[in-house]
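Novice: A structural model of the following input is requested.
(chains A and B)
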Amino acid sequence: MNTLTVEALTFRDRGPYSLCIAGGECLGLVGASGAGKSLLLRAIADLDPHGGRLLLDEMACDQVPAPVWRRQVALLPAESGWWHDRVDEHFQDFASLDPDALARLGFTTDVGGWQVSRLSTGEKQRLAVLRMLENKPRVLLLDEPTASLDAANVTAVEKMLLDYGREKPAAMLWVSHDPDQLARVADDIRMMNADGSLTGKEVA
Amino acid sequence: MGVKPLSGFDLALAGLLVLALGLCSWRLRLGLERRLAISAVRTTVQLLLIGQVLRVLFAHASFPFVFAISMIMLLVAGREVMARQHRRIKGFSGWLLGTGSMFISSFAVAFYALAVVIANDPWYTPQYAIPLLGMLLGNTMNGISLSMDRLTEAFWQQRQIIEQRLLLGQTSMEAIEELRQQAMRSGMIPIINSMAVVGLVSLPGMMTGQILGGSSPMDAVKYQILIMFLICAGTGFGVMTAITLTCRKLFDERQRLRLDVLQKQK
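Specialist: Below is the predicted model of the structure:
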């Protein structure tokens, strides 16, 4: 259930990539910056043109409207975007968020009324996680989800994402520069080389 | 009562003012002398040429001739819209988009005014058709180029936010709703503002010309009201068409933001 299958995915001059991540599993992805990790996530979220096939269980990407695919196959970008003035305007229904979930990431329900312009990078990153999970996605594509967080918040975000992935269960593809983090969260790790090729890497 | 004719000497006297301005520009090192000279010469040559064309046109009011002249006007306006874009849509489709929007709005509004409102016989009487279309095209051209420039620039600067909204499952039209509205507004606000101050601050050129030509002020005013309404509608519908089409063009069939269709101009 909730298995993401990537078959011979190609984009720009890269690929083909083939992967299979079952619901509840987390595949870690490391590699030098510029190797194309973010591009791979963008192609899987159908944000960039690509060849090959993407499947979520039996559902093919090109058989559903793009917004439907992206709500279920959620990409958390390294830098989140905010366009309204207040935090709660970026959520479908901020009032119905679980206060415990807010508290786990160090917020109270007051955060809904905060001005986006006064959020720190770390606060934005944590709020972006909550915003993404509000869609109840079946696949999580995570691009450095804890890059600008302090140690305590790194632990909190890791735990929240892993708990969500196991309970839903959601397939997870987790990009990180930190091998220790991937050793903590991932069931399996792939290495993306400078030429874009993927090689297996044993969990340390 | 006709207008008092101007001689070449009269125009040369007015030209002295521009010459004086050029001298000042040279003394102040504004570097505008060359452009000033070229523009002044262009004004003279272009208007003398169109004067000859109109003289022939008015003498032979045939529909193909009127249509050919209006097509040339449209093509020049279309070229101008493209030239004013900082980032424009590549290739023929970009040109077609701006020109097509102007064609749809200006020509439809001009036809409505000529055939239904003024109702001359024949409806394409060039003394009415050409100036009316010229005024419509000039204004829609400004509105469309301003709003398209604003839109593509906003897309370029806010691409991260547009993509973030797509990632959260918004449709492409939801993700750019505010940008689309702002661009449409920016194209329509100049004409709305000028309708608000016309007569108080500005006396429009056409009305001035008609009064100089001997029309009664009330006749001139009524034509001016007609023109303002036509320009407003033409600009508004033209801007809406151009922005709607541009927004579509900037996404592909999978609702991906495709800024690679834009190219930057120097």
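Novice: Residue numbers of chain A in contact with chain B?
Specialist: Taking C-beta under 8 Å from any C-beta of the partner chain, the part of chain A that reaches chain B is made up of A:45-49, A:62, A:65-68, A:70-71, A:74-75, A:77, A:79-83, A:131-132, A:135. C-beta here means a position set from N, CA and C on the backbone, and glycine is covered the same way.
Novice: Dihedrals phi and psi, the spatially most distant residue from the centre of chain B?
Specialist: Largest separation from the mean C-alpha position in chain B: B:Leu168, at 38.7 Å (C-alpha atoms, centre = their mean). When read as degrees, to the nearest 10, the backbone of B:Leu168 gives phi -80, psi 0.
Novice: Identify the bridge partners of A:Asp143.
Specialist: According to DSSP bridges, the residues that bridge with A:Asp143 are A:Val175.
Novice: Pretty sure it sits against A:Leu39.
Specialist: No - judged on C-beta atoms under 8 Å, A:Asp143 makes no contact with A:Leu39 at a distance of 10.4 Å.
Novice: can you pull the pLDDT of the residue nearest to the spatial centre of chain A?
Specialist: Centroid-nearest residue in chain A: A:Leu142, 2.4 Å away (criterion: C-alpha atoms, centre = their mean). With respect to pLDDT, A:Leu142 scores 97.
Novice: do B:Leu32 as well
Specialist: B:Leu32 is given a pLDDT of 89.
Novice: how close does it sit to B:Thr43?
Specialist: 15 Å (C-beta to C-beta, to the nearest Å).
Novice: Please say which of the two ends up with more neighbours.
Specialist: B:Leu32 (15 against 12; other C-beta atoms under 10 Å in any protein chain shown).
Novice: which residues touch the more buried one?
Specialist: Residues near B:Leu32 by C-beta atoms under 8 Å, 6 or more residues apart in numbering or on different chains: B:22, B:25.
Novice: Now do the helix or strand that contains B:Val41: which elements does it pack against?
Specialist: In the assignment (DSSP states H and E), B:Val41 maps to helix B:33-59. In terms of contacts (3 or more C-beta pairs under 8 Å, 6 or more residues apart in numbering or on different chains; DSSP states H and E), helix B:33-59 is packed against helix B:8-27, helix B:63-83, helix B:126-157.
Novice: on contacts alone, who are the packing partners of the shortest one?
Specialist: Contact partners of helix B:8-27 among helices and strands, from 3+ C-beta pairs under 8 Å, 6+ apart: helix B:33-59.
Novice: same check, this time on the longest one
Specialist: Using 3+ C-beta pairs under 8 Å, 6+ apart as the contact criterion, the neighbours of helix B:126-157 among helices and strands are helix B:33-59, helix B:63-83, strand B:87-89, helix B:91-102, helix B:108-112, helix B:177-197, helix B:217-249, strand B:262-264.
Novice: tell me the mean pLDDT over that helix?
Specialist: 93.
Novice: That helix: what's the following helix or strand?
Specialist: Using DSSP H and E, the helix or strand that follows helix B:126-157 towards the C-terminus is helix B:159-167.
Novice: which residues sit in contact with A:Leu54?
Specialist: A:Leu54 neighbours (C-beta under 8 Å, 6+ apart): A:4-7, A:9, A:44, A:46, A:60-62, A:69, A:73.
Novice: Name only those of the residues you listed that count as buried.
Specialist: Neighbour-count burial (16 or more other C-beta atoms under 10 Å in any protein chain shown) is assigned, among the contacts of A:Leu54, to A:4-6, A:9, A:44, A:46, A:61, A:69, A:73.
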